[in-house]
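In: Below are the sequence and a predicted model; questions follow.
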Amino acid sequence: MPAPIEFYTWNTPNGRKISVALEEMGLPYRVRPVNIGKGEQFAPEFLAISPNNKIPAIVDPEGPDGKPISVFESGAILLYLGEKTGRFLPRPLRERVPVLEWLMWQMGGFGPMPGQVHHFLEVKDENDRRYGLARYDKETRRLYGVLDRRLAGREFVATEGEPSVADFAILGWAWRHPRHKVDLAQYPNVKAWYERMMARPATARGFEVALS
């Protein structure tokens, strides 16, 4: 039995990307909650594996050459797990490039932008909230539109036949669409993809596992 991966996380979109991937890949893991509300991400022992003091991070006791390895940043973790298992990350370069493109799209936009919507929704002062919320809400909806066009006639974002790590990354944030104040009915291709992904048993387990 392989030693479980130590999974440092909290119940956030970036954490859910990894719990879904771990379940889909059938890897044993142990959740190590990092309470970001209490500042546990700044603890020296966590900073030793995640120098940017952000969750998620993993420690794989059976890394390359059988030696332990730590990985931080959710995109890097997804790529590492895809390489480790040989799943959800195509090996031929032509097939891999779209996965990398859409994973980077998520990391650079479909995450930071709705994350700002989350932030400004919580701002109490209407004058402070109005500009930021209008700006980031507009960009978030533009990104949903980009995704909707991409998914026209496609089952998955970057691959055929089965999802890729890019789907897991994007799903982690699409999961929070109610918090983004986005009605998926306005993006029918995204809605169909979201429902298709959530119907996968392993993906469902990835959202059900307690991370907090």
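Out: Yep, it's here.
In: Could you break this protein into its assigned domains?
Out: 5-88, 93-201 (automatic domain parsing).
In: Dump the ones you listed to a markdown table, plus mean pLDDT.
Out: Shown next, in a markdown table, are the domains of the chain (pLDDT from 0 to 100):
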| stretch | mean pLDDT |
| --- | --- |
| domain 5-88 | 98 |
| domain 93-201 | 95 |
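In: Among those, which comes closest to residue 211?
Out: Across those, residue 211 has its closest neighbour in domain 5-88 (4.4 Å, CB to CB). C-beta coordinates here come from the backbone N, C-alpha and C atoms, glycine included.
In: how long is the closest one end to end?
Out: 18 Å (CA to CA, to the nearest Å).
In: picking that back up, now mean neighbour count too, for the domains of the chain, in TSV please.
Out: As requested, the domains of the chain are exported to TSV (neighbours: other CB atoms under 10 Å):
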stretch	mean neighbour count
domain 5-88	18
domain 93-201	17
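In: Make TSV from those domains and add distance to residue 210 to it.
Out: Below are the domains of the chain laid out as TSV (distance: least, CB to CB, whole Å):
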stretch	distance to residue 210
domain 5-88	7
domain 93-201	15
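In: Out of those domains, which is closest to residue 208?
Out: Proximity to residue 208 (CB to CB) singles out domain 5-88 among the domains of the chain, at 8.9 Å.
In: Distance from the chain centre to that closest one, please.
Out: Averaging C-alpha positions (CA atoms, centre = their mean, to the nearest Å) puts domain 5-88 11 Å from its chain's average.
In: name the helices or strands packed onto the helix or strand harbouring residue 103?
Out: Using DSSP states H and E, residue 103 sits in helix 93-108. The helices and strands touching helix 93-108, judged by 3 or more CB pairs under 8 Å, 6 or more residues apart in numbering; DSSP states H and E, are helix 74-85, helix 165-174.
In: what helices or strands is the last one leaning on?
Out: So that's helix 165-174. Counting by 3+ CB pairs under 8 Å, 6+ apart, helix 165-174 packs on helix 13-25, helix 74-85, helix 93-108, helix 188-198.
In: at 10 Å instead, please
Out: Packing partners of helix 165-174 (3 or more CB pairs under 10 Å, 6 or more residues apart in numbering; DSSP states H and E): helix 13-25, helix 74-85, helix 93-108, helix 112-121, helix 126-150, helix 177-180, helix 188-198, helix 201-208.
In: Save those helices as CSV, and put in distance to residue 159 too.
Out: Putting the helices and strands packed on helix 165-174 into CSV (distance: least, CB to CB, whole Å) gives the following:
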stretch, distance to residue 159
helix 13-25, 13
helix 74-85, 11
helix 93-108, 6
helix 112-121, 24
helix 126-150, 12
helix 177-180, 22
helix 188-198, 12
helix 201-208, 15
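In: Nearest to residue 49 among these would be which one?
Out: Using CB to CB, the nearest of these to residue 49 is helix 74-85, at 11.3 Å.
In: what helices or strands is that closest one leaning on?
Out: Checked by 3+ CB pairs under 10 Å, 6+ apart, helix 74-85 has strand 5-9, helix 13-25, strand 57-60, strand 69-72, helix 93-108, helix 165-174 packed alongside it.
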